[in-house]
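Student: Next comes the sequence, and after it the predicted model I'd like to discuss.
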Amino acid sequence: MALSPETEKICRELLEYFLVPFETEEATKEISELLPRLPAGFLTIAETFLDRIDATLQTTGAPYLLANQAAHDKHFQRLSMAARIRSLKIDAIEGEADEELEARRTKEARQKANENMSEFCASEEGVDAICFETAQFLLHLHKKKEVASVARELLLQGTFSTWSAFEMLIGDGLVFLLNNDPKLVTKLLSDPNAKKKFEMPKLNADYLAEKGFNLSNQMGSLLFEERDLSNLSAIRTACEAIFEDVELRAMLNAESLWLLNQKRHLIAHRRGIVDDEYLRNTGAELTVDSHLYISPSEFEKNLVEVLSIGKGFLSCVLLSVTHA
């Protein structure tokens with residue numbers, strides 16, 4: 001169903017500033033198929049990951065969702081008013097009270113309005129009208145400095161939340177794995193790179209007493225509780241030591257994920273205000289103290305990438321617990 005040239009033009013402009021929510025059904029379906037096979041504790045971690053990704057997507061796309069709903073409501077109101085006026089042609093049945101007639105007219109008007117709205121939304125004219133009005137409304141608002149700032153901030157926070165969902169999945173997942181399978185601790189610390197990063201902490205008697213002098217099911221917490229797993233290098237090192245999956249390693253070493261981590265750091269510590277460190281690390285063509293801008297398409301790529309890594313990580317976890 002093609003849009004008119006005018007509508008297509010304004011919608012393309014809309015995509016430069018606002019996220020239009022997109023389907024992640026295929027990616028989440030692949031993860032959902034793994035859920036029944038995961039251990040109970042890990043199931044909660046995986047479900048939380050999916051919930052956070054969905055919440056991030058819906059929150060970041062909130063301006064579009066609200067504007068689109070307003071466009072729908074406007075047309076439904078138009079159709080509803082017309083149906084209500086036309087319902088006055090409905091005559092009373094013999095013996096029918098005025099209240100009963102009014103209730104019947106209202107019911108039939110509502111039913112007719114719903115039918116007309118469904119037809120309108122399925123028509124080329126309706127799709128074009130709603131798309132045009134949604135885009136026109138948002139772009140009009142975007143001319144206001146405050147709204148443009150909110151749109152930019154939503155994409156920054158959406159990017160930060162995307163990384164946070166990834167960090168939660170990997171961090172909580174690794175802790176769970178090592179807590180439940182101490183043999184993986186040996187595998188982790190047998191890797192030279194991992195041994196340097198995750199050296200066993202020195203333990204005092206008070207700490208051991210607090211843990212009941214039994215650390216066999218707390219090794220993951222012990223190794224990772226003091227480590228910053230927002231550090232991509234630490235995540236890579238741990239996953240490469242524990243898992244032997246080539247695809248997961250490739251995804252964790254992708255430049256796009258590294259850049260997402262750099263942006264996460266800038267958003268977390270400087271609210272997206274560019275500094276010398278960010279410029280040195282990324283080589284971005286920006287100036288110090290300028291605002292980091294993340295486009296809707298860039299946000300979309302980041303979220304899809306994190307979903308793919310999540311699926312790869314959970315597949316590795318499942319393989320690990322199956323062979324434990």
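Tutor: Thanks, I have it.

Student: just the helices in the stretch 101-250 of the chain please.
Tutor: Secondary structure of the stretch 101-250 of the chain (DSSP state H, counting those that start in this stretch): helices located at 124-142, 145-180, 183-190, 192-197, 205-210, 219-224, 232-242, 246-252.

Student: continuing past whichever strand or helix holds residue 277, what's the next helix or strand?
Tutor: Residue 277 belongs to helix 276-282 when assigned by DSSP states H and E. Next along the chain after helix 276-282, taking DSSP H and E as the criterion, comes helix 296-322.

Student: Run the angle between that next one and helix 145-180 for me.
Tutor: If you take axes from the mean of the first three to the mean of the last three CA atoms, to 10 degrees, helix 296-322 sits at 10 degrees to helix 145-180.

Student: so how many other residues sit close to the residue nearest to residue 53 when sequence neighbours are not counted?
Tutor: Excluding its sequence neighbours, the residue lying closest to residue 53 (CB to CB, 6 or more residues apart in numbering) is residue 165, at 5.3 Å. For the C-beta atoms, the positions are set from N, CA and C on the backbone; glycine is no exception. For residue 165, the neighbour count with other CB atoms under 10 Å is 23.

Student: Could you report the pLDDT at residue 165?
Tutor: pLDDT for residue 165: 96.

Student: of the helices of the stretch 101-250 of the chain, which approaches residue 25 most closely?
Tutor: helix 145-180 (17.3 Å; CB to CB).

Student: Minimum distance to residue 57: which of the helices of the stretch 101-250 of the chain has it?
Tutor: Taking CB to CB, helix 145-180 is the member of the helices of the stretch 101-250 of the chain nearest to residue 57, at 7.8 Å.

Student: any idea of the mean pLDDT in the helix holding residue 277?
Tutor: 93.

Student: And for stretch 252-267?
Tutor: Taken as a whole, stretch 252-267 has an average pLDDT of 96.

Student: Let me see the residues that make contact with that stretch.
Tutor: In this structure, residues lying in contact with stretch 252-267 by CB atoms under 8 Å, 6 or more residues apart in numbering are 156-157, 159-160, 162-164, 230, 232, 235-236, 239-240, 251, 272-275, 278, 281-282, 292, 294, 301-302, 305-306, 309.

Student: Likewise for stretch 23-31?
Tutor: Stretch 23-31 is touched from outside by 46, 49-50, 53-54, 57, 303-304, 307-308, 310-311, 314, with contacts defined as CB under 8 Å, 6+ apart.
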